[in-house]
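S.K.: Task: produce atomic coordinates for the following.
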Amino acid sequence: MEEKKQKMVPKYHYDQMEKATRLKLRDEFLRRSGMSLITFYDKLRKDSFKPLERELYENIFIIQQN
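M.R.: Now for the predicted structure:
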C-alpha cells in the first residue's frame, strides 16, 4: 500500500508560530515576493500560492525558522 504524503497547510503552520516570529518572516516574504499584505493573507487562507510563491513561502517559513 502506498503511503500518503502529508501536505503542509501553510495557514496551520503560520498560526502555530510565535507572533513576533511570524510577523518578521511574513515581512521578509512580502519584501522578497513583492506581494501585498492583503494578497498574502488571502492566499494563505485559501492555500492558493502559485508554485514559485509556495517555494518561497516554504523556504522562508520552514527553512529559516529552524
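S.K.: who touches the helix or strand bottoming out on mean pLDDT in the chain?
M.R.: Ranked by mean pLDDT, DSSP states H and E, the weakest helix or strand in the chain is helix 10-16, scoring a mean of 91. Under the criterion Cβ atoms under 8 Å, 6 or more residues apart in numbering, residues 22, 26, 44-45, 47, 49, 54, 57, 61-62 lie in contact with helix 10-16. Heads up, the C-betas are built off the backbone N, CA and C, glycines and all.
S.K.: What helices and strands are in contact with the host helix or strand of L44?
M.R.: Take DSSP states H and E as the rule and L44 turns out to sit in helix 37-46. Under the contact criterion of 3 or more Cβ pairs under 8 Å, 6 or more residues apart in numbering; DSSP states H and E, helix 37-46 touches helix 10-16, helix 19-33.
S.K.: Would you convert the ones you listed into JSON lines that also reports distance to T39 and mean neighbour count?
M.R.: JSON lines is the format used below for the helices and strands packed on helix 37-46 (distance: least, Cβ to Cβ, whole Å; neighbours: other Cβ atoms under 10 Å):
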{"stretch": "helix 10-16", "distance to T39": "14", "mean neighbour count": "13"}
{"stretch": "helix 19-33", "distance to T39": "9", "mean neighbour count": "14"}
